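Trainee: sequence plus the predicted model coming up.
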Amino acid sequence: MTVQNIFLVGLMAVGKSTVGRQLADALGRPFFDADHEIERRAGAEISWIFDVEGETGFREREASVIDELTQREGIVLATGGGAILREDNRRHLASRGLVFYLDSPVDKLVARTRRDTKRPLLQGGDPGKILRDLKAVRGPLYAEVADHRVITDQRGAGAVTRKILRLLEQQNNKLTRSNT
């Protein structure tokens, strides 16, 4: 039996990377951050990719990374906030692992990104409006692929990680009981 992958989806700044690292450590699994993997392969920051190739070029790179990483076994993957915009990415995530949708109110995300200059979609506008608009479009797509939704607003990364570990344990217990 293969070890099921764990994929984290959600808007920017909900804690996917931090929780993903902690979750991978707790489970003894390799951790991948899709955005960091894209930067590593491109040899450039995401903001540069957006400047030179536009969002379309970035999304092409992202789709390739998502396809490749989701084919591995037993990993924890933090996706970029817009990864679910492509139907292929949604299909790969939903069919190749267990998906956790990390969610937070927009006001918390605005506070977390207040001084962040590395998020291309938040540059040159009202971050609150941008994040509300992104959530309106992406929220239903996250929900579509998610096996579980975890709220991250008042919890630290450790508490969110423990919540996911409890959900995994509950799921494993159900599987064990159904196989006996």
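Mentor: On my side now, so go ahead.

Trainee: low-confidence ranges, this structure, go.
Mentor: 1-2, 117, 175-180 (pLDDT under 70).

Trainee: what ranges do the helices span in it?
Mentor: In the chain, the segments counted as helices under DSSP state H are 16-27, 34-42, 46-70, 87-96, 106-113, 127-145, 157-178.

Trainee: tell me which of these sits most buried.
Mentor: For the helices of the chain, average neighbour numbers computed from mean count of other CB atoms under 10 Å are highest in helix 16-27, which has a mean of 20. C-beta: built from backbone N, CA, C; applies to glycine.

Trainee: just to revisit the earlier point, now render the helices of the chain as a markdown table, adding distance to Phe7.
Mentor: Supplementary listing: these in a markdown table, determined by distance: least, CB to CB, whole Å:
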| stretch | distance to Phe7 |
| --- | --- |
| helix 16-27 | 9 |
| helix 34-42 | 9 |
| helix 46-70 | 7 |
| helix 87-96 | 5 |
| helix 106-113 | 20 |
| helix 127-145 | 8 |
| helix 157-178 | 11 |
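
Trainee: quick one: distance of stretch 19-32 to the chain centre.
Mentor: Relative to the centre of its chain, stretch 19-32 is centred 13 Å away, using CA atoms, centre = their mean, to the nearest Å.

Trainee: just to revisit the earlier point, right, and the helices of the chain - which one's nearest Ile151?
Mentor: Across the helices of the chain, Ile151 has its closest neighbour in helix 157-178 (8.6 Å, CB to CB).

Trainee: now the angle from that closest one to helix 16-27?
Mentor: Put simply, helix 157-178 runs at 50 degrees to helix 16-27, going by axes from the mean of the first three to the mean of the last three CA atoms, to 10 degrees.

Trainee: quick one: list the elements packing against helix 157-178.
Mentor: In terms of contacts (3 or more CB pairs under 8 Å, 6 or more residues apart in numbering; DSSP states H and E), helix 157-178 is packed against helix 16-27, strand 97-103, strand 148-151.

Trainee: how about the first one as CSV, C-alpha atoms only?
Mentor: It refers to helix 16-27. Output in CSV follows, covering the C-alpha atoms of helix 16-27 (Å, rounded to 0.1, in the frame of the first residue of the first chain):
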residue,chain,number,x,y,z
LYS,A,16,0.6,26.6,4.0
SER,A,17,4.4,26.6,3.9
THR,A,18,4.8,26.8,7.7
VAL,A,19,2.2,24.2,8.5
GLY,A,20,3.5,22.0,5.6
ARG,A,21,7.0,22.0,7.0
GLN,A,22,5.8,21.2,10.5
LEU,A,23,3.4,18.5,9.2
ALA,A,24,6.2,16.9,7.2
ASP,A,25,8.5,16.9,10.2
ALA,A,26,5.9,15.3,12.4
LEU,A,27,5.1,12.6,9.8
